[in-house]
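Chemist: Take a look and give me a structure for this.
(one chain, ligands or ions: 1)
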Amino acid sequence: MAASSSYFQIAFANFMVMEWIQDVQSYLDLVLQGGIPEEDRPKQCPHCGQKDQLLHRHGTYPRKVFTLEKEWTIPVFRFYCPLPTCKKTVCIIPSFIQKHQQVALDIQEEIIQSQDEGESLAALSKKTGSLPGGSYSEKTLWRWTKGWKVRLDGFEGKVWEWILVRFPHLSLLEGQTFSKWKWFFKLWEQIQKRQTEFKNVPFLHWFHRFSRS
Ligand SMILES: [Zn+2]
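Modeler: Below you'll find the predicted structure:
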């Protein structure tokens, strides 16, 4: 596995998001062999900004994660800054979840897609009874869909730019009118066919990393 050596720093300095694109199983396969690989330790303290000393390992804590298939318990790795003036800790969370959530992004993408196709949140909430961790209330589903919409609105231009620079020859489905989400889901399908590294990566998973970079 080519674990990349950089992290996205996010606004809340006590968490950093892993850059790797991975599902839960490949995360576990990797970290259960000896934790976060040496080359992937945080290179910079998100609190004080120092880059001179590697952050030290500082144990793990267990965290529940729900995906479309099942419930998992994963270790989340903690590090701390060795500078005496800092000494703060940071957790490295894998990119398939958001920082304070147990519900993986594949579930949230499913909800966004269904709502975008016209299903009501009330109906969707009922259906989530069969999902791991479910059922999820209408209010929870509203929070997810609203939160992602706000993020997509903020990053729409940058996502288009990213796509058009890398994939200038994508068929842009001319003359079609789609919702914003549908445009990106459709284009993402084309991108997945062209670039194998994205083959098993849901759009939302990629977008989560992208919008935190
Ligand atoms: Zn520090």
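
Chemist: The ion versus residue 49, what's the distance?
Modeler: Between residue 49 and the ion the computed distance is 7 Å (C-beta to the ion, to the nearest Å). All C-beta spots, glycine's among them, are computed from the backbone N, C-alpha and C.

Chemist: what do you get for residue 14?
Modeler: From residue 14 to the ion the distance is 12 Å (C-beta to the ion).

Chemist: SS state for the residue of the chain positioned farthest from its centre?
Modeler: The centre of the chain is farthest from one residue, residue 84, which by C-alpha atoms, centre = their mean lies 32.4 Å away. Of the three states, residue 84 takes coil under DSSP: H, G, I helix; E, B strand; the rest coil.

Chemist: That one: what's it in contact with?
Modeler: By C-beta atoms under 8 Å, 6 or more residues apart in numbering, no residues touch residue 84.

Chemist: Go through the longest helix along the chain and flag the buried ones.
Modeler: For the chain, the helix with the greatest residue count under DSSP state H is helix 138-166. Within helix 138-166, the residues scored as buried using 16 or more other C-beta atoms under 10 Å are 138, 140-141, 144-145, 148, 151-152, 159, 163.

Chemist: list the helices and strands it packs on?
Modeler: Packed against helix 138-166 by the contact rule (3 or more C-beta pairs under 8 Å, 6 or more residues apart in numbering; DSSP states H and E) you find helix 105-116, helix 121-127, helix 180-194, helix 203-211.

Chemist: and this structure, which of its residues are near the ion?
Modeler: Proximity of the chain to the ion is confined to 45, 47-48, 81, 83, 86 under the rule C-beta under 5 Å from the ion.

Chemist: Pull out the buried members of the residues you listed.
Modeler: The buried subset of these - by 16+ other C-beta under 10 Å - is 45, 47, 81, 86.

Chemist: measure the second one to residue 16 for me?
Modeler: From residue 47 over to residue 16 the distance is 11 Å, taken as C-beta to C-beta, to the nearest Å.

Chemist: Repeat that for the first one.
Modeler: With distances defined as C-beta to C-beta, the gap from residue 45 to residue 16 amounts to 10 Å.

Chemist: so what sits against both of these two?
Modeler: Contact criterion C-beta under 8 Å, 6+ apart; residues shared by residue 45 and residue 16: residue 90.
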